[in-house]
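Novice: predicted structure and sequence below. I'll ask about it afterward.
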Amino acid sequence: MTETLVLLAALLALLAGLAAGKAWERYKLRGGRWIDRRRARGSPHYILGLNHLVSNQIDLAIDELNKAAELDSDALEIHLILGNLYRENGQVSKAIQIHQHLLQRARMTTLEHAHVLLSLGLDFKHGGFIDRAAETFSEVVRLDPRNTHALLNLEKLHEEQHEWQQARVIRQRMAEAAGGEQNPRDQAILAFLENELGLQAMREQRPEQAIKHFETATHLDDKTVPAYLNLGDVRLALGQPKDAIDVWERIVQIAPDRAYLAFSRLKSAYAEIAVPTRFLDLCRRLVDANPQDWRARLALGQHLAENGDPVRGLDLLFESLVHNPHGLAIHQAIWRTLSALEFRATLVTRYINLTRDAVFYLDPHVCMRCRYRSTELLWQCPQCHEWNTFVEERIATAEQSEEAPA
Ligand SMILES: [Zn+2]
């Protein structure tokens, strides 16, 4: 539904722009007589077509706009929109045919040409003709260097092909087109693309190159968590555990809510340099700083349970459960610990009381942009392809929902 509304808004904006540009061209000499070019736009078919469009009745809109188009075969915007409607209706080849036909017109302004090409590029993309779509969007950008719609489509096409270098070039152009000021969103996306380039270098066994990319990513946006994780991984692989620890500990500073991503890495690296208690200190600091932090409690509880103090460990795991009753990882850790304590009856009863109203999810996360749900944290959404839009989804217990005012 949101997508349809966006499409609608784009179409209407396009229509308004083109209609204004064409206003001076109201009359036109054709076949030796002057024709009022407003005829098509003044016709009931045109108005009806737009009305159907607004009420999302695409088939009816196509019928009426086809009739309006017959009245004036030159009305560029009507044909352009008809093509777009065919595309959205799944008739991609028909859309391509209409838009390609429009391109053969002799007298079009550069902007009109760019609009038609943009529509054609979307047709190609919709039909899965990725190379032709990329070529067409590039041509739009050549005609209209600030066309953010074409730039964005081009960037996403490169990302889908894992052409991170090209995607970065496009994002840089978008940042430049937006003017001199640094936009945090551009910086953040550039940083994620830089991180992907680093991962690519890692896979190709070029650690020095990878380090440069990850460092650039953190300079572009110091909240790019995966770049710290990956940078530490490279340092560790190069036999530099202390440097790796320094990098991972920075996550605790810049994004404490994501620090848990470095827990297992830090835990084994601390053991490697023979300071295992530093892990306990780290978890305690996180719990003190944020009492809601169930992940630090879970890690701390597990650590204690595994290292000779299961009763205190279980206490922490129960606390963790109170803050996130649906965390499957917590339940699993609790069962392991209960088993180690030979299912002491009083402890099992506490557990049953704590979990009475829980519903189970592995580790629910949701995309803030498109509501896509995932069982883990993702850095790029597989549905809307936006970067860094996932947040932890916590479902309140029935009791909490009742307490919360609507
Ligand atoms: Zn999404």
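Specialist: Perfect, I can see it now. Numbering: from 1, shown residues only.

Novice: who's in contact with stretch 56-65?
Specialist: Around stretch 56-65, the neighbours that count as contacts under Cβ atoms under 8 Å, 6 or more residues apart in numbering are 4, 8, 45-46, 48-50, 52-53, 78, 81-82, 85-86, 88-89. For every residue, glycine as well, the C-beta is placed using N, CA and C.

Novice: no no, stretch 201-211
Specialist: Taking Cβ under 8 Å, 6+ apart as the rule, stretch 201-211 contacts 198-199, 213, 230-231, 233-235, 237-238.

Novice: next: stretch 174-184.
Specialist: By Cβ under 8 Å, 6+ apart, stretch 174-184 touches 145-146, 148, 151-152, 155, 186-187, 190, 221.

Novice: and V391, that one's in a strand?
Specialist: Yes. Assessed with DSSP: H, G, I helix; E, B strand; the rest coil, V391 lies in a strand.

Novice: quick one: it and the ion, what's the gap?
Specialist: Going from V391 to the ion by Cβ to the ion, to the nearest Å gives 11 Å.

Novice: what's the local residue count around that residue?
Specialist: V391 has 12 neighbouring residues, counting by other Cβ atoms under 10 Å.

Novice: so what's it closest to, chain neighbours aside?
Specialist: Beyond its immediate neighbours in the sequence, the residue positioned closest to V391 (Cβ to Cβ, 6 or more residues apart in numbering) is M368, lying 5.8 Å away.

Novice: let me see the confidence value for K28.
Specialist: What the model reports as pLDDT for K28 is 49.

Novice: give me the neighbour count for R41.
Specialist: 21.

Novice: wait, isn't it in contact with L76?
Specialist: No. Look at R41 against L76 with Cβ atoms under 8 Å: they stay out of range, at 11.4 Å.

Novice: shared neighbours, those two?
Specialist: Residues touching both R41 and L76 (Cβ under 8 Å, 6+ apart): there are none.

Novice: residues of the stretch 251-400 of the chain that sit close to the ion?
Specialist: 367, 369-370, 372, 381, 383-384 (Cβ under 5 Å from the ion).

Novice: now the buried members of those.
Specialist: Among those, those buried by neighbour count (16 or more other Cβ atoms under 10 Å) are 367, 370, 372, 381.

Novice: quick one: the third one and E386 touch, right?
Specialist: What that stands for is Y372. No. Using Cβ under 8 Å, Y372 makes no contact with E386, being 9.6 Å away.

Novice: which residues does the closest residue to the ion within the stretch 151-300 of the chain contact?
Specialist: Per Cβ to the ion, K156 is where the stretch 151-300 of the chain lies closest to the ion, at 12.5 Å. Contacts here follow Cβ under 8 Å, 6+ apart; on that basis K156 touches H385.

Novice: convert the C-alpha atoms of whichever helix or strand it is part of to PDB, please.
Specialist: Assessed by DSSP states H and E, K156 sits inside helix 148-160. What follows is helix 148-160, C-alpha atoms only, in PDB (Å, rounded to 0.1, in the frame of the first residue of the first chain):
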ATOM      1  CA  THR A 148      18.400  11.500  -7.400                       C
ATOM      2  CA  HIS A 149      15.800   8.900  -8.400                       C
ATOM      3  CA  ALA A 150      18.000   7.600 -11.100                       C
ATOM      4  CA  LEU A 151      21.100   7.700  -8.900                       C
ATOM      5  CA  LEU A 152      19.300   5.800  -6.100                       C
ATOM      6  CA  ASN A 153      18.200   3.100  -8.500                       C
ATOM      7  CA  LEU A 154      21.700   2.800  -9.900                       C
ATOM      8  CA  GLU A 155      23.200   2.500  -6.500                       C
ATOM      9  CA  LYS A 156      20.700  -0.200  -5.500                       C
ATOM     10  CA  LEU A 157      21.400  -2.100  -8.700                       C
ATOM     11  CA  HIS A 158      25.200  -2.000  -8.000                       C
ATOM     12  CA  GLU A 159      24.500  -3.200  -4.400                       C
ATOM     13  CA  GLU A 160      22.400  -6.100  -5.600                       C
END
